[in-house]
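[1] Quick one, structure for this:
(one chain, ligands or ions: 1)
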Amino acid sequence: MPSLFISFISLSMFGFLATSAVAQPLDHATMAAIRNEGLRGSQAMDHISWLSDVYGPRVTGTPAIEQARVWTMDKLREWGLSNVHEERFPFGHGWSLQRFHAHMVEPQVMPIIGYPKSWSSSTDGTVAANVTRVEIQTAADFEKYRGTLNGKIVLPQPVREVRMLDGDLVLRMTDAQLTEASRIQVPPAAPGRPREQDRSSPSFNDRLQEFYLEEGVIAVLDRGSDSFMVGVGSGLPYQTQRTDGGTIFVGHGGPRNENAGNVVPSVTLAVEHYNRMVRILDKKVPVLVELNIEATFHDEVDAIGKLNAFNILAEIPGTDLADEVVMIGAHFDTTHAGTGATDNATGVAAMMEVMRILKMVGANPRRTIRLALWGGEEQGLLGSRDYVKRHFGDPQTMRLLPAHEKFSGYFNIDNGSGRLRGIWLQENFAIAPVFEEWIASLHDLGVTTLGPRSVSGTDHVSFDAVGLPGFQFIQDRLEYNARTHHSNMDVFERVQRDDVLQIAVVVAIFAYNAAMRDELLPRRVLPRVDR
Ligand SMILES: [Zn+2]
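    You can find the predicted model right below:
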């Protein structure tokens, strides 16, 4: 094999070529072993069942997420990972639901499908109250209702039309969508329905809450937002009909600060049950509802001074470049109505699998590979923001810490259980040839596309904010928008096993390749501080 011998000699004689000009070969043997373990030996569905069925929902600051943390950290230690620990951050009060029931009891009996909003107050035990429609758009409308709402349950929205299901509810990316994803042009805004009323300003909502409290309102029942959901921050203007039919998308209903619990109890109902009550009221027939909400507010700090919110960290130590870091992560916390199966037990399980697989195949990465499972994502990326600020730099001042220089890249999973189809470059164009080479061997797994756009909405943003390469993958959204995202039906059945296995394999290969290359991943220029 003379020619190979010659090229070996020439590369070692001019060693700088190997690091500066000649692409370093990928370790295909390890990549093959990763595939084999990830596709044939996967434990991902078992992790998801534990995280969702046994410990879900995992709302930050609750006993359930603490139980999930103990289970997860035991697993990570069992697999022989290093430096398994938690890092805590300030969050405010946690909230968990103890009991809920709601029945229409007049004019007929109907068990109501509904779910209290998170951080909702409790009712005073089981209460029965007449239901009334209010239309309050501005503070001026308060006067129309002053003195009329005492002891009432309020319905603040008009009937929402519910269409028969049609169109694409399960989103597998088509070739046309992948082509669209690979273009830099920002797509035109999707033709979403206009907001039915401007109630988004927090100051108005605060005043409305105050008004309800002053007036002695028993509870507020709503039917959620409009039935079309546009995928925001996902890089493409996905538009999906929501499934309705007993699936409810439940939001946030109160503060976590010292005012926690000082709001009117609020519940989101299945739209069909909400609409029925409005139609009865329109006929001047009274509606009586019996309601019980029992919620617990958990202290931010426990008796021994421990904060109630945390990130979980674990590592595979590097070898010759051990002080440099590649990170992978997913948010560990969930919203409260389902069990957090697709948002984000899938992401957590896939990332846990990445670490397990790398250990199983005996990977010896040059850089340290660090797993992060974030808390407080659902309240605004709180865990990852805290971590980045504490370890890498402050996005407000762009004052950077020494570890910033030693950081290669962060890979995030958080868009449901669909397979990965590519990766968003976050407008880091210098990285395109690197990822191009990596995905070349992943085409058969469906990973084909580099999307130049910046996407937002999840924890890679915290890294991006201080100029560190942080990435979210292009992912099939499946039923994420139509059925599972922040709904009561975000449950185990919605997880697609084959897709989750693919996620773990692809991320493991990305993390391993990033940890093995000679250089850190290319970066964009540092963000400017605007003052
Ligand atoms: Zn999520």
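[2] Now do the strands in the stretch 301-450 of the chain.
    For the stretch 301-450 of the chain, the strands defined by DSSP state E, counting those that start in this stretch occupy 309-316, 321-331, 367-374, 393-394, 399-400, 407-412, 420-424, 449-451.
[3] Just the mean pLDDT for the first one, thanks.
    Okay, so that is strand 309-316. pLDDT averaged over strand 309-316 equals 98, rounded to a whole number.
[4] ok, residues contacting that strand?
    60-61, 69, 72-73, 76, 81-91, 94, 332, 355, 358-359, 363, 365, 368-376, 382-384, 386-387 (C-beta atoms under 8 Å, 6 or more residues apart in numbering). Glycine gets a C-beta too; all of them are placed from N, C-alpha and C.
[5] Please spell out the ChimeraX selection for the buried subset of those residues.
    Command for ChimeraX that selects the buried part of these, burial taken from 16 or more other C-beta atoms under 10 Å:
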select :60,61,69,72,73,76,81,84,86,87,89,91,94,332,355,358,363,365,368,369,370,371,372,373,374,375,376,382,383,384,386,387
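[6] tell me the pLDDT at the closest residue to residue 429 other than its chain neighbours?
    For residue 429, ignoring the flanking residues on the chain, the nearest one in space by C-beta to C-beta, 6 or more residues apart in numbering is residue 452 at 6.7 Å. Looking at residue 452, its pLDDT is 93.
[7] Next, the contact list for residue 452, please.
    With the criterion set at C-beta under 8 Å, 6+ apart, residue 452 makes contact with 182-184, 424-425, 427, 429, 432.
[8] Can you tell me which one of the residues you listed carries the smallest pLDDT value?
    Scanning the contacts of residue 452 for pLDDT, the smallest score is found at residue 184, 77.
[9] Surely that residue touches residue 450?
    No: if you go by C-beta atoms under 8 Å, residue 184 and residue 450 don't touch, sitting 10.7 Å apart.
[10] quick one: which of these two has more around it?
    residue 450 (19 against 10; other C-beta atoms under 10 Å).
[11] before we move on, the earlier item: I'd like the distance between the residue nearest to residue 429 and residue 498.
    28 Å (C-beta to C-beta, to the nearest Å).
[12] for residue 155, same thing?
    Residue 155 is 43 Å from residue 498, where distance means C-beta to C-beta.
[13] Please identify which of the two sits among more neighbours.
    Using other C-beta under 10 Å as the criterion, residue 155 and residue 498 rank with residue 155 on top: 24 against 10.
[14] So which residues on the chain come close to the ion?
    Applying C-beta under 5 Å from the ion, we find that the chain lies next to the ion at 343-344, 414.
[15] ok, and the most crowded of these?
    residue 344 (32 neighbours).
[16] residues in contact with stretch 280-290?
    Outside stretch 280-290, the residues within contact range by C-beta under 8 Å, 6+ apart are 101-107, 112, 126-133, 153, 155, 221, 277.
[17] so how far is the first residue of it from its last?
    Its first and final residues considered, stretch 280-290 spans 16 Å by C-alpha to C-alpha, to the nearest Å.
[18] Buried ones in it, by neighbour count?
    Neighbour counts over stretch 280-290 (16+ other C-beta under 10 Å) mark 280-281, 287, 289-290 as buried.
[19] Now do stretch 284-294: distance to the chain's middle.
    Centroid separation between stretch 284-294 and its chain, computed with C-alpha atoms, centre = their mean, to the nearest Å, is 34 Å.
[20] Let me see the ranges of the helices in the protein.
    2-13, 15-20, 28-40, 44-49, 63-78, 142-145, 175-181, 202-215, 271-282, 346-360, 382-391, 432-440, 460-464, 497-516 (DSSP state H).
[21] Throw those helices into a markdown table and include distance to residue 255, thanks.
    Listed next are the helices of the chain as a markdown table, based on distance: least, C-beta to C-beta, whole Å:
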| stretch | distance to residue 255 |
| --- | --- |
| helix 2-13 | 62 |
| helix 15-20 | 53 |
| helix 28-40 | 42 |
| helix 44-49 | 32 |
| helix 63-78 | 19 |
| helix 142-145 | 21 |
| helix 175-181 | 38 |
| helix 202-215 | 9 |
| helix 271-282 | 25 |
| helix 346-360 | 27 |
| helix 382-391 | 14 |
| helix 432-440 | 42 |
| helix 460-464 | 23 |
| helix 497-516 | 35 |
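[22] Now, of the contacts of residue 452, which are buried?
    By neighbour count, with 16+ other C-beta under 10 Å, the contacts of residue 452 hold 182, 424-425 as buried.
[23] Among those residues, which one sits closest to residue 256?
    Top of the list for closeness to residue 256, among the buried ones among the contacts of residue 452 and by C-beta to C-beta, is residue 424 at 30.7 Å.
[24] what residues are up against the closest one?
    235, 451-455, 471-474.
[25] what's near enough to touch residue 177?
    Here residue 177 is in contact with residue 236 (C-beta under 8 Å, 6+ apart).
[26] Just want the residue of the stretch 351-500 of the chain that's nearest the ion.
    Ranking the residues of the stretch 351-500 of the chain by distance to the ion (C-beta to the ion) places residue 414 first, at 4.2 Å.
[27] Is that residue in contact with residue 456, as I believe?
    No: at 11.3 Å, residue 414 does not count as touching residue 456 under the criterion of C-beta under 8 Å.
[28] Poorly predicted segments of the stretch 201-350 of the chain, please.
    Residue ranges of the stretch 201-350 of the chain with pLDDT under 70: 201-202, 230-235, 237.
[29] So what touches stretch 500-509?
    Under C-beta under 8 Å, 6+ apart, the answer for stretch 500-509 is 31, 34-35, 38-39, 42, 44-45, 48, 328, 346-347, 349-351, 353-354, 357-358, 411, 413, 417, 419-420, 438, 441-442, 445-447, 473, 475.
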